[in-house]
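> sequence and predicted structure below; questions after.
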Amino acid sequence: MLKIENLHVKLEEEDKQILKGIDLHVPYGEVHAIMGPNGSGKSTLSYVLSGRDGYEVTEGSAQLEGEDLLDLEPEERAAAGLFLAFQYPVEIPGVGNMTFLRTAVNAQRKARGEEELSAGDFLKAVRAKAKTLKIDSEMLKRPVNVGFSGGEKKRNEILQMAMLEPKMCILDETDSGLDVDAMKLVSEGVNALRGPDRGFLVITHYQRLLDHIKPDVVHIMANGRIVKSGGPELALEVETNGYGDIIGEVA
Ligand code: ADP
Ligand code: MG
Ligand code: MG
């Protein structure tokens, strides 16, 4: 499981505390949603877990299967089974989508002591997964995310996730900027990956994604803390009443 304890994070450049003691346990087999107002630290949490520069952990820990994630390089965290689907997927001009995927998959297999996929096996796998996400072969040939629409970028994130078969998937506002059809495709892609050996942390600003990806637990984050946790009904409460009541209750 993913086990985060008392995690405190500040910006490296300024004296600004962003995460103020996060406790979170996500067992394999479960989907946990994190909701919360803009600026509450949701993306920061996902960045710190995946190893982005610019943040300093001042207290606390984050472990995947008992292994301390915070000591690892980003690629080592990925090899350990962590995956982050970005809120804002990055364009990588000059790097073909297919090349990117194949390099990532094989680097990960190598780090795990597994054999590389043959070109044929890789192609078969990527084509099958791309098809279910309605990603056409043209998109596989283009540079990573360059000129992709918002929805195509998000579907491409899910394709990466499907190919890398991570143990713990973090999705940061994968629904933002998606129309209803794209959201369905993305959700189906995620649901197809659900299983007893995999956990999900789904970060979302709105409840609507959780109609498609049914969470086991919902956490509300505000001002760098998890202020309330509950079942799926908590997301509906937010949808009806907004965050104000919940955050006010705690304050
Ligand atoms: P959320 O994803 O919940 O909207 P973020 O994690 O993006 O929140 O941001 C949390 C807070 O930290 C915000 O006040 C944001 O402005 C601030 N923050 C995050 N990263 C930086 C940064 N690199 N420089 C300055 N402020 C930052
Ligand atoms: Mg935000
Ligand atoms: Mg964010």
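Yep, it's here. Ligands and ions are numbered 1, 2, ... in the order given.
> show me where the stretch 101-250 of the chain has helices.
Taking DSSP state H, counting those that start in this stretch, the helices of the stretch 101-250 of the chain run over residues 119-132, 137-141, 150-164, 180-193, 209-212, 233-241, 244-250.
> run a quick neighbour tally on residue 54.
When neighbours are counted by other Cβ atoms under 10 Å, residue 54 registers 10. Heads up, the C-betas are built off the backbone N, CA and C, glycines and all.
> pretty sure residue 58 is touching residue 11, no?
No - using Cβ atoms under 8 Å, residue 58 makes no contact with residue 11, being 10.7 Å away.
> ok, residue 208 - contacts?
175, 183 (Cβ atoms under 8 Å, 6 or more residues apart in numbering).
> quick revisit: hey, which of the helices of the stretch 101-250 of the chain is tucked in deepest?
Mean neighbour count (mean count of other Cβ atoms under 10 Å) peaks for helix 150-164 among the helices of the stretch 101-250 of the chain, with a mean of 21.
> and the nearest residue to residue 74 once chain neighbours are set aside, what are its phi and psi?
Closest residue to residue 74 apart from its sequence neighbours, by Cβ to Cβ, 6 or more residues apart in numbering: residue 51 at 3.7 Å. The phi/psi pair for residue 51 (degrees, to the nearest 10) reads phi 100, psi 30.
> contacts only, for residue 51.
By Cβ under 8 Å, 6+ apart, the residues touching residue 51 are 69, 72, 73, 74, 77.
> measure it to ligand 3 for me?
From residue 51 over to ligand 3 the distance is 17 Å, taken as Cβ to the ion, to the nearest Å.
> can I get the helix or strand of the chain with the lowest mean pLDDT as PDB, trimmed to CA atoms?
Within the chain, no helix or strand scores below helix 244-250, which has a mean of 80 by mean pLDDT, DSSP states H and E. Taking Å, rounded to 0.1, in the frame of the first residue of the first chain, the C-alpha atoms of helix 244-250 are listed here in PDB:
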ATOM      1  CA  GLY A 244     -17.300  25.800   2.700                       C
ATOM      2  CA  ASP A 245     -19.400  23.800   5.200                       C
ATOM      3  CA  ILE A 246     -16.900  20.900   5.600                       C
ATOM      4  CA  ILE A 247     -13.900  23.200   6.000                       C
ATOM      5  CA  GLY A 248     -15.900  25.500   8.300                       C
ATOM      6  CA  GLU A 249     -16.900  22.500  10.500                       C
ATOM      7  CA  VAL A 250     -13.300  21.500  11.000                       C
END
